[in-house]
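**Q** Requesting a structural model of the entry that follows:
(2 chains)
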Amino acid sequence: MNNTTRQIQAWLLLLPALCLLAAFTHYPVIRTVWRSFAGSGVRMSDTLHLDNYRYLLEDEVLLQVLSNSFWYAAITVPVSIALAIAMALWVNTKLRGVGLLRLAYFTPTLLPMISVANIWLFFYSTEIGLLNNILGYFGADAVNWLGDPDISLYSLMAMTIWKEAGFFMIFYLAALQTISPDLYHAAALENASRWTIFKRITFPLLMPTTLFVLVNAILNAFKLVDHLFILTKGGPNNSSNLLLYYIFENAFSFFDTAYASALTVLLLIILVFLALLQFGVLEKRVHYR
Amino acid sequence: MMSDFLSVSHLSRSYGEFHAVNDISFSAKQGEFIALLGPSGCGKSTTLKMIAGLELPTAGKIEISGSDVVNTPPGKRNLSMVFQSYALFPHMSVKENILFGLKARKVPKQERNKRLNEAVEMVDLGPHINKKPGQLSGGQCQRVALARTIVSNAPLCLMDEPLSNLDTKLRAEMRSEIRSLQKKLGLTVVYVTHDQIEAMSMADSIILLNEGRIEQASTPEAFYEQPETPFVAKFIGHPPMNLIEFDDLLVGVRPEHISLIEQGGLVASVVESDYQGSETILTTSYKDSTIRLSLAGKRVLTPGAAVNIQWAPENEHHFSSSSGQRIERTHSVMNS
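**A** Coordinates of the predicted model:
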């Protein structure tokens, strides 16, 4: 086979994937950027302009949404990672019934976000909700978990952590099982405490997994907003609104697709920046075997 | 007389129905080098792990310096261990690996560095101290593991097949290095191996295990000259001792003790000759038994040829074919 036909064959093999990527990733990105400069409302204007970005700088709701998104990621990511490690260490033993325990921790991951939100809606309901019933049993006042602007975002965080931690646990569990027991034997012979062993051996050896999980967790924090549709719709008064949901609102509730495009560009910039930061800074401190 | 530094009595470990270690007793004096030898699955590693405290015995006693340590955690038994896998922490530098134990034990910094420098010098790791284990060769990794033992200052060192991941040449080098280190530091060593050469060349005394039991415990010389059972006879020596059946007797003769003669002796037929340079291993068959001879130089014979072989009566070992036990030689099969 000569070189040209080889080239053609290669391109033909790549074609299906390229079509999908182009149609559903590259083209929309270009359209989005284009619309953020050329659009106004749902229409396209005749000239390129910066109106959408100018509005972006003045938008007070956006400020609130960004702050929500920041805290949402800043709290759910470390907490779910810490919980995931703790659960993985706990189920990485040879106890009887540990398989069931692993399954129990993993179950939330198997459920679609919408179902999870519906389950938690039942927990959080003011009148019939599980949490308030428990509080009432101890004589405490009922809490408006989703309706109180000071609490709603935290309620969402709790649910997210519940859902995510089990998923990350699986990665940590897999990583833990690749660590040679001899290392722990060697440490035990040196009379190292459990904390020393964790801090100096287990945690550093889990770093590649942590990096991977961290990237995923942060992306998820920006990406997963399904539960907002069920639980709070970003309210009350945008107290639980997150960036992606705000983009959705602008595009499909307020029909300001041009502004939504500008917001999307902002989201992309944030994600690229975070990815660079993680791989650039953390990569140097990770030991790969 | 010096009392025993390490004493293991009636030690057993079973996993359900399986007896990995079955009623083993032995002891070691201070500064003694003991080899636990045996085929894989004989219980030698399990025994070592029980001494280390990494595995709990189902029965029996382990005493170190006179005190029972069965319920003492591994870190408080005052011993160090060298693993087959080296057990180096892959994310730490050589230096950090060596210092890990001292830091965990909160040894003051000055003392730590003093011991580190001594150990690094002893095992010749100077230029590699800031490298990670991944950048070292197998032999260098093993030296790091030895340095870890040295800095621990523990009087007892357990070694679990420390040389089996190294190539033959390096293995020979490390054998003498470990032995001289052990002498220099006055360490009591329990050394697990499946390699008879390591056991024979390094140990003061050898304990040969088979299916969880002690087959023989004695000096290397006695293993070669006075094997107690046919198992021991076949385990030590290369090629292994010939076991030839004569009526109710199992007669053992080492290949290197048999010679070819012009006439007389036993008449065997040649099966194959295996020339190995300094010697030729001649395989012959005599009645239902196979007899191997180790002959100096190149002695290639045609298969099927008849040869006369003989050995000196004092090189004959007799075992009862019913009990398998060694019995004193009353006559030589050569003369009958």
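
**Q** low-scoring stretches of the stretch 1-150 of chain A, by residue?
**A** Counting by pLDDT under 70, the ranges of the stretch 1-150 of chain A that qualify are A:1.

**Q** now the strands for it?
**A** Secondary structure of the stretch 1-150 of chain A (DSSP state E, counting those that start in this stretch): strands located at A:39-40, A:43-44.

**Q** Show me what the last one is packed against.
**A** Think strand A:43-44. The helices and strands touching strand A:43-44, judged by 3 or more C-beta pairs under 8 Å, 6 or more residues apart in numbering or on different chains; DSSP states H and E, number zero. (Each C-beta comes from the backbone N, C-alpha and C, glycine too.)

**Q** so how far is it off the chain centroid?
**A** 32 Å (C-alpha atoms, centre = their mean, to the nearest Å).

**Q** neighbouring contacts of it?
**A** A:35, A:38, A:258 (C-beta atoms under 8 Å, 6 or more residues apart in numbering or on different chains).

**Q** From those residues, list the buried ones, please.
**A** Buried members of the contacts of strand A:43-44, scored by 16 or more other C-beta atoms under 10 Å in any protein chain shown, are A:35, A:38, A:258.

**Q** give the contact list for the residue of chain B found nearest chain A.
**A** Closest approach between chain B and chain A, counting by C-beta to the nearest C-beta: residue B:75, at 2.6 Å. Residues counted as contacts of residue B:75 (C-beta under 8 Å, 6+ apart) are A:188, A:189, A:190, A:191, A:192.

**Q** Could you measure from the fourth one over to residue B:54?
**A** Between residue A:191 and residue B:54 the distance is 13 Å, computed by C-beta to C-beta, to the nearest Å.

**Q** Tell me which of those two has more neighbours.
**A** Higher neighbour count among residue A:191 and residue B:54: residue B:54, with 20 against 17, using other C-beta atoms under 10 Å in any protein chain shown.

**Q** if I look at that one, how far off is residue A:181?
**A** Note on residue B:54: its distance to residue A:181, by C-beta to C-beta, is 9 Å.

**Q** List the contacts of stretch B:237-246.
**A** B:196-197, B:224, B:227, B:230, B:233-234, B:250-256, B:258, B:281, B:286-292, B:294, B:317, B:319, B:321, B:333.

**Q** please redo it, this time with the cut-off set to 6 Å
**A** For stretch B:237-246, the surrounding residues in contact (C-beta atoms under 6 Å, 6 or more residues apart in numbering or on different chains) are B:230, B:233-234, B:250-255, B:281, B:289, B:291-292, B:333.

**Q** Let's see the PyMOL selection covering just the buried ones among those residues.
**A** The buried residues among those can be selected in PyMOL (16+ other C-beta under 10 Å) with this line:
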select buried, chain B and resi 230+233+250+251+252+253+254+255+281+291+292+333
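
**Q** of all the contacts of stretch B:237-246, which comes closest to residue B:216?
**A** Of all these, residue B:233 has the smallest distance to residue B:216: 9.7 Å, by C-beta to C-beta.

**Q** Put the alpha carbons of the host helix or strand of that closest one into CSV.
**A** For residue B:233, the host element (DSSP states H and E) is helix B:230-235. Listed next in CSV are the C-alpha coordinates belonging to helix B:230-235 (Å, rounded to 0.1, in the frame of the first residue of the first chain):
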residue,chain,number,x,y,z
PRO,B,230,16.0,-38.8,51.9
PHE,B,231,14.3,-35.3,51.5
VAL,B,232,17.3,-33.6,53.0
ALA,B,233,19.6,-35.8,50.9
LYS,B,234,17.9,-34.8,47.7
PHE,B,235,17.6,-31.1,48.7
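
**Q** on that earlier part again, could the contacts of stretch B:237-246 go into a markdown table alongside distance to residue A:244?
**A** Conversion of the contacts of stretch B:237-246 to a markdown table gives the following (distance: C-beta to C-beta, whole Å):
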| residue | distance to residue A:244 |
| --- | --- |
| B:230 | 77 |
| B:233 | 78 |
| B:234 | 74 |
| B:250 | 83 |
| B:251 | 87 |
| B:252 | 82 |
| B:253 | 85 |
| B:254 | 81 |
| B:255 | 80 |
| B:281 | 77 |
| B:289 | 83 |
| B:291 | 84 |
| B:292 | 79 |
| B:333 | 92 |
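
**Q** Just the ones of the contacts of stretch B:237-246 in helices?
**A** Using DSSP state H, B:230, B:233, B:234 are the members of the contacts of stretch B:237-246 that sit in helices.

**Q** For the nearest residue to the last one once chain neighbours are set aside, which three-state class applies?
**A** Of all residues not flanking residue B:234 in the chain, residue B:240 sits nearest, at 4.5 Å (C-beta to C-beta, 6 or more residues apart in numbering or on different chains). Each residue gets one of three states, and residue B:240 gets coil by DSSP: H, G, I helix; E, B strand; the rest coil.

**Q** Residue B:294 too?
**A** Residue B:294 is classified as strand under three-state DSSP.

**Q** who are the neighbours in contact with it?
**A** Per C-beta under 6 Å, 6+ apart, neighbours of residue B:294: B:255, B:256, B:279, B:281.

**Q** what residues does stretch B:116-129 touch?
**A** Residues outside stretch B:116-129 that contact it (C-beta under 6 Å, 6+ apart): B:94, B:95, B:98, B:143, B:146, B:147, B:150, B:151.

**Q** any idea which of the residues you listed has the most stuff around it?
**A** residue B:98 (28 neighbours).

**Q** Correct me if wrong: that residue contacts residue B:145.
**A** No: in this structure residue B:98 lies outside contact range of residue B:145 using C-beta atoms under 6 Å: 9.4 Å.

**Q** low pLDDT regions in the stretch 101-250 of chain B?
**A** Short version for the stretch 101-250 of chain B, where the test is pLDDT under 70: none.

**Q** Please, where are all the helices along it?
**A** Applying DSSP state H, counting those that start in this stretch to the stretch 101-250 of chain B gives helices spanning B:109-123, B:138-152, B:168-185, B:196-202, B:220-225, B:230-235.

**Q** For the third one, output the C-alpha coordinates as CSV.
**A** It refers to helix B:168-185. Provided in CSV are the C-alpha atoms of helix B:168-185 (Å, rounded to 0.1, in the frame of the first residue of the first chain):
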residue,chain,number,x,y,z
THR,B,168,23.5,-14.7,39.7
LYS,B,169,26.6,-12.6,39.7
LEU,B,170,25.2,-9.9,42.0
ARG,B,171,23.8,-12.5,44.3
ALA,B,172,27.2,-13.9,44.9
GLU,B,173,28.6,-10.4,45.7
MET,B,174,25.7,-9.6,48.0
ARG,B,175,26.1,-12.9,49.8
SER,B,176,29.5,-12.1,51.1
GLU,B,177,28.6,-8.5,51.7
ILE,B,178,25.6,-9.5,53.9
ARG,B,179,27.7,-12.0,55.7
SER,B,180,30.5,-9.5,56.5
LEU,B,181,28.0,-6.9,57.5
GLN,B,182,26.4,-9.4,59.9
LYS,B,183,29.7,-10.2,61.5
LYS,B,184,30.8,-6.6,61.7
LEU,B,185,27.6,-5.5,63.5
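
**Q** List of residues touching that helix?
**A** Counting by C-beta under 6 Å, 6+ apart, B:33, B:139, B:163, B:189, B:201, B:202 sit against helix B:168-185.

**Q** Just the buried ones from these?
**A** Applying 16+ other C-beta under 10 Å to the contacts of helix B:168-185 flags B:33, B:139, B:163, B:189, B:202 as buried.

**Q** Farthest pair within those residues?
**A** Pairwise distances across the buried ones among the contacts of helix B:168-185 (C-beta to C-beta) peak at 20.5 Å, for the pair B:33 and B:139.
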